[in-house]
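*Asks:* Sequence unavailable; structure follows:
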């Protein structure tokens, strides 16, 4: 039951995010106005001040801090309708205090949203290189495989590591090794398509998913990538090369774990043969 409720709430949140900040800001401000209308129609003995925190928080969460501050001003203006009937100085003080409280809430909600976003990003990316981690890669690629399988479309996976990476750490220190890893990911991102997915699996091992890419196409792409990484190594005088295994699923009917295992084996075949090379295979239909 709890899982079902979480699924419904997640879908609701996803739906609101898809609406975009402009639509959500309009919804939030409309809620402020409707609440203000209800406040006007209700006898003044009933306090509505705390209820305005809900549309302010909604607007801030789904439309951003600026929209939340605008909602705070709107709600304060609505609440100010009674205050100027009394002492003017007290009215100004009370309205500024209300505005301050609303703005503080908006800023705090915006900060919490930002922190949660950062945590979500960090949980799905490699902190050093910015590439995806294994968990995020697996989730996204498994979804992509299901989509490609439906249309019997091919895809390929490359699995590689950096030969002699330990020499760089031993000779120049771990900071230089970290720079190498970040440079490798930056170089790859410049060469691959936006639809391709790169992940760091740990240490100096990486994998790349190439959707809608058959055996011949992935050969061209990966050889260009290896050449680009070779130029990068020579430019920085790194004693490194690339050992890579590439496996293609010809019709989409393949399992991710099997493909990664096959690509990993191909990579180690390259290493055992002397490193600095690429081995290819086409995975049979399941």
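*Replies:* Great, that's in hand. Because the structure is predicted, anything quoted here is derived from the model rather than measured.
*Asks:* And the helices in the protein?
*Replies:* Shown for the chain, the helices assigned by DSSP state H span residues 2-19, 21-41, 53-63, 65-79, 88-124, 134-150, 165-172, 174-191, 215-236, 256-272.
*Asks:* Let me have the ones you listed in TSV, adding mean neighbour count as columns.
*Replies:* C-beta coordinates here come from the backbone N, C-alpha and C atoms, glycine included. Putting the helices of the chain into TSV (neighbours: other CB atoms under 10 Å) gives the following:
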stretch	mean neighbour count
helix 2-19	10
helix 21-41	16
helix 53-63	23
helix 65-79	21
helix 88-124	14
helix 134-150	15
helix 165-172	15
helix 174-191	16
helix 215-236	16
helix 256-272	17
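*Asks:* who wins for proximity to residue 205 among those helices?
*Replies:* Proximity to residue 205, assessed across these by CB to CB, is greatest for helix 256-272 (8.5 Å).
*Asks:* helices and strands around the closest one, which ones?
*Replies:* Taking 3 or more CB pairs under 8 Å, 6 or more residues apart in numbering; DSSP states H and E as the contact definition, the neighbouring helices and strands of helix 256-272 are helix 134-150, strand 155-163, strand 241-249, strand 277-283.
*Asks:* In TSV, list these along with mean pLDDT and distance to residue 262.
*Replies:* Conversion of the helices and strands packed on helix 256-272 to TSV gives the following (pLDDT from 0 to 100; distance: least, CB to CB, whole Å):
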stretch	mean pLDDT	distance to residue 262
helix 134-150	86	14
strand 155-163	93	9
strand 241-249	94	5
strand 277-283	91	6
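*Asks:* In a markdown table: those, plus distance to residue 51.
*Replies:* Output for those, formatted as a markdown table (distance: least, CB to CB, whole Å):
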| stretch | distance to residue 51 |
| --- | --- |
| helix 134-150 | 39 |
| strand 155-163 | 52 |
| strand 241-249 | 55 |
| strand 277-283 | 59 |
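*Asks:* So which of the ones you listed is nearest residue 192?
*Replies:* Residue 192 lies closest to strand 155-163 among the helices and strands packed on helix 256-272, at 9.9 Å (CB to CB).
*Asks:* does residue 42 really touch residue 48, like I thought?
*Replies:* Yes. Under the contact definition of CB atoms under 8 Å, residue 42 touches residue 48, with a separation of 7.0 Å.
*Asks:* who's more crowded, those two?
*Replies:* Residue environment comparison for residue 42 versus residue 48 gives the larger neighbour count to residue 48, 16 against 11, counting by other CB atoms under 10 Å.
*Asks:* Ignoring the adjacent residues along the chain, who's closest to the more buried one?
*Replies:* In space, residue 48 comes closest to residue 39 once its chain neighbours are excluded; the distance is 4.3 Å by CB to CB, 6 or more residues apart in numbering.
*Asks:* For residue 32, see how far away that neighbour is.
*Replies:* Summarising the geometry, the distance separating residue 39 from residue 32, computed by CB to CB, to the nearest Å, is 10 Å.
*Asks:* Spell out which residues are contacts of both of those two.
*Replies:* Counting by CB atoms under 8 Å, 6 or more residues apart in numbering, the shared contacts of residue 39 and residue 32 are residue 78.
*Asks:* hmm, back to that, quick one, which of the helices and strands packed on helix 256-272 is nearest to residue 257?
*Replies:* The closest approach between residue 257 and any of the helices and strands packed on helix 256-272, judged by CB to CB, belongs to helix 134-150 at 8.9 Å.
*Asks:* sorry, back to before: the residue nearest to residue 48 touches residue 78, doesn't it?
*Replies:* Yes. Under the contact definition of CB under 8 Å, residue 39 touches residue 78, with a separation of 6.8 Å.
*Asks:* so where's the stretch 51-200 of the chain uncertain?
*Replies:* 82-86, 121-123 (pLDDT under 70).
*Asks:* thinking again about what came up before, now do the contacts for the residue nearest to residue 48.
*Replies:* If a contact means CB under 8 Å, 6+ apart, then residue 39 has 48, 78-79 as its contacts.
*Asks:* confidence score at it?
*Replies:* We have a pLDDT of 85 for residue 39.
*Asks:* same check, this time on residue 6
*Replies:* Residue 6 is assigned a pLDDT of 48 by the prediction.
*Asks:* what do you get for residue 286?
*Replies:* Taken from the predicted model, the pLDDT recorded for residue 286 is 45.
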